[in-house]
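Peer 1: mind folding the following:
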Amino acid sequence: MGASENRISEDRYCEQCSSRLSRYNLHPVCSTCAANDGFTEPGPPVLPLSFWRTDSMRDALATWHMGQVIYAYRTHPSHAQPLAQERVAIWLGLTQAQLSRIENGPAPDRFGKLIRWAQILRIPEEVLWFKLPPGSSGTVEDVNRHGFLRAAAITAATATSDSLMALLSHLDPILIPARIGDTEIEQVRSAARTFLSWDNRYGGGLVRETVAAQLRYAVTLLDSTIAPSKRPDLLSAVGFLGHTAGFMAFDAYAHNDAQRMFALARICAEAGDDWHLRAKVLSSTARQAIWCGRPSDGLAATEQAFIRADRLTPTERAMLYTTQARALAKMGRVQETVTAVGRADDEFAHSDPAADPVWMRYYDHAQHSGDTGHALFDIAVGQAKFVTDATERLAAAVDGHRDAFVRSRAISATKLATLVMATADPVEAATIGNNALADAGHLRSSRAVDDLRDLRRLAATHPTQPEVTDLTQRIDTLLTIA
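Peer 2: Predicted coordinates:
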């Protein structure tokens with residue numbers, strides 16, 4: 001009788017048609033009635049924080065494996081009986097087989113799914129190994145549904161930039177890791193190196209929005225948990241990316257953005273006690289000020305960079321002296337300019353690339369020749385002094401720059417053509433200028449474009465030379481495209 005009573009007490013019946021329910025079906029209705037009436041399984045309850053802080057849940061959460069977290073959730077002793085996979089799978093929008101694979105397979109790593117499942121199960125953010133997007137609770141289903149409808153509405157015949165952008169307006173948010181280690185730090189450094197390489201080859205105008213988005217993400221990493229010994233490395237990596245973004249903005253003439261990004265990079269460098277990065281950021285800050293017609297501000301920034309110059313490498317000190325020389329030349333201080341160039345040469349003679357940080361690898365003999373040649377250019381054109389020295393240095397830069405530094409080669413060639421146009425043979429200058437145009441055509445650099453405008457204005461003073469006239473026409477064509 002007891003066995004029969006136990007069996008009878010376990011029997012359950014559909015609330016609508018009274019058919020016997022499978023012992024695996026924990027719903028109040030059978031599958032047929034559920035399908036006919038659109039029955040929806042109630043979602044998971046809100047559980048107290050103590051539920052998530054039991055040893056079994058803490059151990060599962062520590063694995064960073066959502067499948068194991070879901071299994072621990074289903075089998076938690078606080079439930080009257082373990083929750084069936086079928087029931088939880090319905091909550092999560094999965095089949096029972098899919099949930100089984102998730103629980104027993106490798107850890108899921110798509111953040112969009114992790115967010116969705118964590119929100120559905122109402123897992124408190126404070127116990128997760130990743131961060132939930134602010135204000136996103138309860139919106140994932142709507143986002144997925146609206147995104148699908150938009151995608152379905154677009155056809156090849158009607159696709160426009162607006163309709164295609166609509167598909168990107170509801171992408172899954174990018175999660176910020178709760179803990180930061182060497183992997184995340186190296187990812188930030190790698191992004192900075194990649195964008196720096198792109199900037200050197202193509203200029204700063206093409207992917208500025210991309211690098212700015214990456215910088216915003218990198219900055220949020222500073223709020224994550226990190227070992228104190230690793231925090232300076234993270235600050236340096238974020239600062240490196242900030243400087244790269246700032247220089248790209250400067251090159252595109254987004255000067256306000258550049259100033260803010262340089263300021264961010266300097267804060268990171270100083271907070272991380274990275275004197276090398278600090279010197280680089282101040283040098284670039286100075287170069288922007290000089291370019292914008294504020295050489296005295298540039299000179300002041302360079303002087304700040306020389307604080308604790310003993311901690312810098314010879315290459316870095318050479319870079320700072322060339323920046324100083326460019327500011328002094330713009331101010332017409334000839335002798336001080338030449339002295340700064342000489343000090344730059346002395347420091348560069350002791351350059352050891354192996355000792356330089358990664359962002360200084362661009363500063364080779366070609367770069368040094370170009371930077372010092374740029375400084376002497378203003379004296380040569382403005383005061384007809386050190387013309388030969390300026391010409392030789394700019395020519396060495398053009399000859400020495402590799403294809404990875406197309407922008408530097410184009411700018412140095414344009415400066416050289418302008419110098420020769422002003423002080424020597426216009427026909428020779430036209431030949432040099434045409435070579436510069438071959439590189440400039442691949443760039444998205446406002447600085448390079450402005451230098452071409454200067455060359456064009458000077459070339460227009462030689463209207464009787466066919467070669468020069470041809471150069472002006474080619475520049476006009478390129479400027480129209482730019």
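Peer 1: so which residues of the stretch 101-250 of the chain form helices?
Peer 2: Secondary structure of the stretch 101-250 of the chain (DSSP state H, counting those that start in this stretch): helices at 111-120, 140-153, 161-168, 182-202, 208-220, 231-251.
Peer 1: er, the stretch 351-482 of the chain I mean
Peer 2: 365-383, 387-400, 406-423, 426-440, 446-459, 466-481.
Peer 1: and those as CSV, adding mean pLDDT?
Peer 2: Converted to CSV, the helices of the stretch 351-482 of the chain look like this (pLDDT from 0 to 100):
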stretch, mean pLDDT
helix 365-383, 95
helix 387-400, 97
helix 406-423, 96
helix 426-440, 94
helix 446-459, 94
helix 466-481, 90
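Peer 1: highest mean neighbour count out of those helices?
Peer 2: Across the helices of the stretch 351-482 of the chain, averaging neighbours per residue (mean count of other Cβ atoms under 10 Å) puts helix 406-423 on top, at a mean of 25. For the C-beta atoms, the positions are set from N, CA and C on the backbone; glycine is no exception.
Peer 1: which other helices and strands contact that helix?
Peer 2: Secondary-structure packing of helix 406-423 (3 or more Cβ pairs under 8 Å, 6 or more residues apart in numbering; DSSP states H and E): helix 182-202, helix 365-383, helix 387-400, helix 426-440, helix 446-459.
Peer 1: so which elements touch the fourth one?
Peer 2: When you say that, I think you mean helix 426-440. Short answer (3+ Cβ pairs under 8 Å, 6+ apart): helix 426-440 packs on helix 406-423, helix 446-459, helix 466-481.
Peer 1: looking at these, which is closest to T285?
Peer 2: Across these, the minimum distance to T285, taken as Cβ to Cβ, is reached by helix 446-459, at 15.4 Å.
Peer 1: shouldn't G373 be in contact with V387?
Peer 2: No - with contacts counted by Cβ atoms under 8 Å, G373 stays clear of V387, the gap being 11.2 Å.
Peer 1: measure A84 to G400 for me?
Peer 2: Distance, A84 to G400, by Cβ to Cβ, to the nearest Å: 71 Å.
Peer 1: what do you get for L478?
Peer 2: 24 Å.
Peer 1: what of P108?
Peer 2: For P108 relative to G400 (Cβ to Cβ), the value is 51 Å.
Peer 1: pLDDT weak spots in the stretch 201-350 of the chain?
Peer 2: Residues of the stretch 201-350 of the chain meeting the criterion pLDDT under 70: none.
Peer 1: got a list of what A192 touches?
Peer 2: Under the criterion of Cβ atoms under 8 Å, 6 or more residues apart in numbering, the neighbours of A192 are 237, 240-241, 243-244, 359.
Peer 1: find the nearest non-adjacent residue to M261, please.
Peer 2: By the measure of Cβ to Cβ, 6 or more residues apart in numbering, the closest residue to M261 outside its immediate chain neighbours is G246, 3.3 Å from it.
Peer 1: count of neighbours near that neighbour?
Peer 2: Residues contacting G246 under the criterion other Cβ atoms under 10 Å number 28.
Peer 1: that one contacts F262, correct?
Peer 2: Yes - if you go by Cβ under 8 Å, G246 and F262 touch, sitting 4.3 Å apart.
Peer 1: can you check which residues contact both of the two?
Peer 2: With Cβ under 8 Å, 6+ apart, G246 and F262 have common neighbours 281, 284.
Peer 1: picking that back up, kindly reformat the helices and strands packed on helix 406-423 as CSV containing distance to P44.
Peer 2: Putting the helices and strands packed on helix 406-423 into CSV (distance: least, Cβ to Cβ, whole Å) gives the following:
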stretch, distance to P44
helix 182-202, 31
helix 365-383, 60
helix 387-400, 65
helix 426-440, 61
helix 446-459, 55
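Peer 1: how close does A413 sit to T372?
Peer 2: 16 Å.
Peer 1: show me what contacts the nearest residue to R53 once chain neighbours are set aside?
Peer 2: Spatial nearest neighbour of R53, chain neighbours left out: V127 (7.3 Å); criterion: Cβ to Cβ, 6+ apart. Neighbouring residues of V127 by Cβ under 8 Å, 6+ apart: 52-53, 57-58, 61.
Peer 1: per-residue pLDDT of V127, please?
Peer 2: Predicted confidence (pLDDT) for V127: 89.
Peer 1: let's have the helices of the stretch 351-482 of the chain in TSV, adding distance to Q288.
Peer 2: Formatted as TSV, the helices of the stretch 351-482 of the chain follow (distance: least, Cβ to Cβ, whole Å):
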stretch	distance to Q288
helix 365-383	14
helix 387-400	20
helix 406-423	15
helix 426-440	21
helix 446-459	10
helix 466-481	23
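Peer 1: wait, which of those helices is closest to Q98?
Peer 2: When the helices of the stretch 351-482 of the chain are compared by Cβ to Cβ, helix 406-423 sits nearest Q98, at 50.0 Å.
Peer 1: roughly how far out does that closest one sit from the chain middle?
Peer 2: 31 Å (Cα atoms, centre = their mean, to the nearest Å).
Peer 1: likewise for stretch 265-275?
Peer 2: Computed by Cα atoms, centre = their mean, the separation of stretch 265-275 from the middle of its chain amounts to 18 Å.
Peer 1: ok, and what's touching that stretch?
Peer 2: Contacts of stretch 265-275 (Cβ under 8 Å, 6+ apart): 231-236, 238-240, 242-243, 246, 277-278, 281-282, 285, 308, 311-312.
Peer 1: for PyMOL, write the selection for the buried entries among those residues.
Peer 2: Remark: buried members of the contacts of stretch 265-275, expressed as a PyMOL selection using 16 or more other Cβ atoms under 10 Å:
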select buried, resi 233+234+235+236+238+239+240+242+243+246+277+278+281+282+285+312
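Peer 1: can you get me a residue count around the residue nearest to D199 when sequence neighbours are not counted?
Peer 2: Distances taken as Cβ to Cβ, 6+ apart place M248 nearest to D199, at 5.0 Å, with adjacent residues excluded. Here the number of neighbours of M248 (other Cβ under 10 Å) works out to 29.
Peer 1: what do you get for the one 4 residues further on?
Peer 2: Using other Cβ under 10 Å, A252 has 20 other residues around it.
Peer 1: same check, this time on W291
Peer 2: Every residue meeting other Cβ under 10 Å relative to W291 is counted, giving 18.
Peer 1: that one contacts S446, doesn't it?
Peer 2: No - W291 is beyond contact range of S446, at 10.0 Å (criterion: Cβ under 8 Å).
Peer 1: tell me the centre residue of this structure?
Peer 2: Q214 (2.8 Å; Cα atoms, centre = their mean).
Peer 1: and the helices and strands packed on helix 426-440 as CSV, adding distance to K113?
Peer 2: Shown next, in CSV, are those (distance: least, Cβ to Cβ, whole Å):
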stretch, distance to K113
helix 406-423, 42
helix 446-459, 42
helix 466-481, 45
